[in-house]
Structures are given as structure tokens and as C-alpha cells.
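In: okay, sequence plus prediction incoming.
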Amino acid sequence: MKKWLAAVLLVIVTAALAACGGDSKDTDKETTSKDIIIGATAGPYSDMLEKAIVPGLEDKGYKVTIKEFSDYIQPNNALDNGDIDANLFQHSVYLENFNKENGTKLKPLIIVPTAPMGFFSEKYKSVEELPDGAKISIANDPSNLARTLKSLQDQRLIEISDDVDPLVASTKDITKNPKNFEFKEIEAAGLPRAIETSDLAGVPGNFALAANLNLEDAVFLEDMPDKFRNVVAVREADENAQLAKDIKAVVESADFEKIIDKDFKGFGKPEWMEKK
């Protein structure tokens, strides 16, 4: 009987120790869950993460790694695959199209201040100075092209057909071009160089900053709709997770806005931030 009791006690003690070991593993897992990776394309939005977002997350107990990407495809693939926990590089229109084309389920979490498209010239300082037949270099990809034409229409330089959504307009939709501007469509990455050979060039903000152009030196800046401002994106399944709530809290904080005002001059603020 004593031997039997001893055997039973040994089983109970072993089970208890195993349970303690399991709790330890669970605790470790909870601790490492604070280790997160956020993706961004190299440039201003990687800088925004480093300067304005990561410090706030670290104050909340996260250990954050920034992973930089060199294209606009891999950051979403990595997020969808679970290789990263969030990303910052794209606007909601691009994200929506990416989901449709790739079957992914990624969600915009919050809009952040974004570098607008700048219209630069080495010859003229105002739109009124642009001559008849001026050569204007514009992006050839649909998203940036539509933004360029909308900005030119906002400046009353051209008119676009009322039957066309200005967010998807192309040069074929121009109904009035009173100064007979000559449009040259080129790759967006080449637009900073095109300033030298054009009368005016519409340069997307990220390419302008990468070329060390000062947004405040532009002839004019895009009046950017929120649809074209960049967002922090997460997986749909995680949009209500604690990490998502913490990222939103950091971006909505006064400290975040102070850093934007100091280090990201010329960046247009989203509507929610302007209303604060």
C-alpha cells in the first residue's frame, strides 16, 4: 500500500511540475508576443515609423523591428503571410485594389500625414507664368496620373469631363486645355529628373523627398484627398487586436503630431487630425 501511495504521489508531483513548465512556456509566449515587425518602403514612411510611431509603441512595452522593402508588392504579401504585423507605405485606394487583385484581407487602420504631390519648375514660380504650349511631365501610372490631373484642374489649368470620376481620370478625359499644354507621361520615379527638361513636373511626394526636393519649394502642392493619404495597414483578423488599438493610440497622440510638425514639414494632415 505504501509503495502504491508513493507511486500515486510521484505521478501527481510530476503532473504538477509539467503544468508549471507549461505555464512558463505560456508566459514566455506572452512576453515574446510584444516583439513585433512593421514593414515600410525605404524613405519618409520608414522614417515616420522610426521617429514618430516606434517610440510610442516602445513606451507601451513593445520591441519593434522595422523591415524595409524596395517595392509596393512585398510589404502586403509579408503582412498577409504573417511575416510582419503591420505596414505603412500605401494609400487606401491602392490597398483596396491590391485586395481585389490578390485575394488578400488587409485593412486600413488609421490615416497618417502624407507627403503630397508637388509641382516643380526651374523656370516659373507661379501657375500664372506658365506659357501656352508648356511642357508638363506627369506620371504614367493610373493612380498618380489621376491625382496629377485633379491637381491641375484644381488650379484651373485644365478641365476634366464631369462624367469621369476624377480619381480615375486619364489624359483622354481632358475636355478643356486652354493653354494647349503638352503632357509627357513618364515613370513616376523619373519625374524629379524631368524637372530640368520640363516647364512643370508633377512629382509624387515620396519620389520628391527621395530626390531631396523641398516640398515647400514647389510651385504648388496637391490638395490631397484622404483616399490618397497613406495608412497603417493590418490583417483584417487583427484590426481589433490590442496591437491595432495601441498603434492608433500612438498615432492619435500629441507627441506624434509634434514630431510630424517638426520633422515632416509639408506633409498634409488627414481630416481626423485637422479636426482635433
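Out: All right, it came through fine. Numbering: from 1, shown residues only.

In: now the strands for the stretch 1-150 of the chain?
Out: 35-41, 63-69, 86-91, 106-111, 118-120, 135-139 (DSSP state E, counting those that start in this stretch).

In: direction included, what does the first one pair up with?
Out: Within its sheet, strand 35-41 is paired with strand 63-69 (parallel), strand 86-91 (parallel), according to DSSP bridges.

In: do the same with the fourth one
Out: The sheet places strand 106-111 alongside strand 230-235 (antiparallel), with pairing taken from DSSP bridges.

In: among the strands of the stretch 1-150 of the chain, which is nearest Lys245?
Out: strand 106-111 (9.5 Å; C-beta to C-beta). For every residue, glycine as well, the C-beta is placed using N, CA and C.

In: residues in contact with that closest one?
Out: For strand 106-111, the surrounding residues in contact (C-beta atoms under 8 Å, 6 or more residues apart in numbering) are 76, 79-80, 86, 92, 95, 98-99, 226, 229-236, 239, 244, 247-248, 251-252, 270-272.

In: now restrict these to buried residues only.
Out: 76, 79-80, 86, 92, 95, 98-99, 229-235, 239, 244, 247, 251, 270 (16 or more other C-beta atoms under 10 Å).

In: lowest-confidence helix or strand of this protein?
Out: Counting by mean pLDDT, DSSP states H and E, the chain has its least confident helix or strand at helix 2-32, which shows a mean of 43.

In: confirm Ala194 sits in a helix?
Out: Yes: judged by DSSP: H, G, I helix; E, B strand; the rest coil, Ala194 forms part of a helix.

In: chain neighbours aside, what residue packs nearest to it?
Out: Excluding the flanking residues, the one nearest Ala194 by C-beta to C-beta, 6 or more residues apart in numbering is Ser137, at 3.9 Å.

In: swap in Phe228?
Out: His91 (4.8 Å).

In: kindly report the same for Lys176.
Out: Glu159 (3.8 Å).

In: okay but the one you found is in contact with Thr175, surely?
Out: Yes: taking C-beta atoms under 8 Å as the definition, Glu159 is a contact partner of Thr175 at 5.2 Å.

In: neighbour count winner among the two?
Out: Glu159 (15 against 11; other C-beta atoms under 10 Å).

In: which residues sit in contact with the more buried one?
Out: Contacts of Glu159 (C-beta under 8 Å, 6+ apart): Gln153, Ile174, Thr175, Lys176.

In: for Lys269, same thing?
Out: Pro113, Ile260.

In: cool, Lys276 as well?
Out: Here Lys276 is in contact with Glu257 (C-beta under 8 Å, 6+ apart).

In: how close does it sit to Leu109?
Out: 18 Å (C-beta to C-beta, to the nearest Å).

In: over to Asn99?
Out: 14 Å.

In: all the helices of this protein, in order from the start?
Out: 2-32, 44-48, 54-59, 74-81, 92-102, 142-154, 191-194, 205-210, 242-251, 254-263, 271-274 (DSSP state H).
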